[in-house]
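Engineer: Okay, sequence plus prediction incoming.
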Amino acid sequence: MADETTTTEQTAPGFSWDFFLAHAGADLEVARKLQAELEPPARVFLDDSDLPLGVSWDAALAEALRSSLIHVILISPRTEKAHYEREEIAVAIQMSREDPHTRRVVPVYLDSEGVPSVVPYGLKIKHGLTVPDSKNLTVAKERLLKTLAEIRRYEVKKEEVVAVQREAVAKITGGGNTEMLAGLNEVTRFVRPLLKTLLVLFVISTVALIASLLLPLFEGGRGLAATVFGSLCALLLAATLWLTARSLSYAQQIAQGRINGG
């Protein structure tokens, strides 16, 4: 556990909480115990202890959900009648659909040897944990911290990508010719192999077009050959320009935090 502890000392970039614990009111004691198991090294939101007095609890819970990296859903026979927990589950599922690479929803089935036959909508397809005895949460703690460490490494990498793309966009929009070329080279790095292939094919097609216009070999069907190779050149050039423009558009969205940069 030493390695996991060192990798989870800080909350993932852009998030205030590592875990959000959703639970039925009757399962509060289990939620408190799990929070105590995970803290430290993780930061765990539990409404019982982390909801400030006097705030509008609905808005505060919604904000805590948005700013939590992993949503841990405690499932028990009491969950069916826990209306607020079921709403939290729906919100968590929606967030994971919108950002599946970052958001994680982990159902934890309390006092169960397997997944119950009936679970809240959306959780059935989520890989979760079964806790045969809710008095012993050691395994759940270890698995959750391991998952957190993996996601945090991804989040750090994503932040690095965002920073690089932001710098590249700045070079393109505000730099000189040299910086603009460096910026374009950076924003197209994800599609560079495809761009190289298109450019090679474009060069080959251009050479073939020139040959069809000049060499006697094509004299009989020069017009047809020129049309074919000319059309291919135009198509390849259009594809290259479109891919470059698309990469720049994605880079701008990543730099602005509008799409996942990982």
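Structural biologist: Nice, thanks for sending it over.

Engineer: what about residue 148, how many neighbours?
Structural biologist: 24 (other Cβ atoms under 10 Å). Yep, even glycine has a C-beta here, placed from its N, CA and C like the rest.

Engineer: Can you give me the pLDDT of it?
Structural biologist: Confidence at residue 148, expressed as pLDDT, is 83.

Engineer: how far away is it from residue 138?
Structural biologist: 16 Å (Cβ to Cβ, to the nearest Å).

Engineer: now residue 247
Structural biologist: Residue 247 is 47 Å from residue 138, by Cβ to Cβ.

Engineer: ok so residue 86 is a strand residue?
Structural biologist: No. Going by DSSP: H, G, I helix; E, B strand; the rest coil, the assignment for residue 86 is helix, not a strand.

Engineer: thought it was touching residue 119?
Structural biologist: No. Counting by Cβ atoms under 8 Å, residue 86 stays clear of residue 119, with 10.8 Å between them.

Engineer: list the contacts for residue 126?
Structural biologist: 105-107 (Cβ atoms under 8 Å, 6 or more residues apart in numbering).

Engineer: and it, helix, strand or coil?
Structural biologist: Taking three-state DSSP, the label given to residue 126 is coil.

Engineer: Next, find the distance separating the closest residue to residue 104 other than its chain neighbours from residue 229.
Structural biologist: Closest residue to residue 104 apart from its sequence neighbours, by Cβ to Cβ, 6 or more residues apart in numbering: residue 70 at 4.6 Å. With distances taken as Cβ to Cβ, residue 70 is found 55 Å from residue 229.

Engineer: Between the two, which is the more surrounded one?
Structural biologist: Each of residue 70 and residue 229 has its neighbours counted (other Cβ under 10 Å); residue 70 has more, 24 against 21.

Engineer: For the more buried one, give me phi and psi.
Structural biologist: phi -120, psi 130 (degrees, to the nearest 10).

Engineer: how far away is it from residue 128?
Structural biologist: Distance of residue 70 to residue 128, given as Cβ to Cβ: 12 Å.

Engineer: Need the overlap of contacts for these two.
Structural biologist: Joint contacts of residue 70 and residue 128 (Cβ under 8 Å, 6+ apart) are residue 106.
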